[in-house]
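Asker: I'll drop the sequence and a predicted model, then ask my questions.
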Amino acid sequence: MKLLLDTHVIIWFLNGDVRLSARARDAILSRANQKFASIVTVWEVAIKLSLQKLSFRGGVTGFLHLLEDNDFTLLPLDGRHLVELEKLPWLHRDPFDRLLVAAAFVENMSLITHDQNMRLYPVPCFW
């Protein structure tokens, strides 16, 4: 299964946070699944780092190294994602989350998120 992780899920996973559900953690750790981090997540993390709402040793570079060290594939933003984004109903107003939903839909991925609003879209989600 191809998994696209929401930003908070990646952060919780990398930090060993207990808020990450056992089902999500098992799916992320399973060798049977491919796990993806969107470049949109890296963008969001960069903004939060610059606002000092988040910290990672080494900043964005450190975050990217952690993704690589944990076998995440970086998913680039694609024009097809933006075409799908335009079609999405306004069930959720967070632009980063909307881009993740659009990318998951286009790339035929399951989205791992704790965010109830993201689960309102017609894309496979689980927690």
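Answerer: Perfect, thanks for sending it. Keep in mind that what you see is a predicted model, and the values were worked out from it rather than measured.
Asker: got the residue ranges for the strands in this structure?
Answerer: 2-5, 34-38, 73-75, 110-112, 125-126 (DSSP state E).
Asker: Mean pLDDT, mean neighbour count and distance to Leu54 for those strands - can I get that in a markdown table?
Answerer: Yep, even glycine has a C-beta here, placed from its N, CA and C like the rest. Putting the strands of the chain into a markdown table (pLDDT from 0 to 100; neighbours: other CB atoms under 10 Å; distance: least, CB to CB, whole Å) gives the following:
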| stretch | mean pLDDT | mean neighbour count | distance to Leu54 |
| --- | --- | --- | --- |
| strand 2-5 | 98 | 23 | 16 |
| strand 34-38 | 98 | 22 | 15 |
| strand 73-75 | 98 | 16 | 18 |
| strand 110-112 | 97 | 23 | 19 |
| strand 125-126 | 90 | 17 | 23 |
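Asker: just the helices in this protein please.
Answerer: 7-15, 22-29, 39-50, 59-69, 79-87, 95-106 (DSSP state H).
Asker: what comes into contact with the first one?
Answerer: Spelled out, that is helix 7-15. The contact list for helix 7-15, computed with CB atoms under 8 Å, 6 or more residues apart in numbering, reads 5, 17, 19-20, 24-25, 28, 37, 41, 44-45, 54, 66-67, 70, 72, 96, 100, 112-115.
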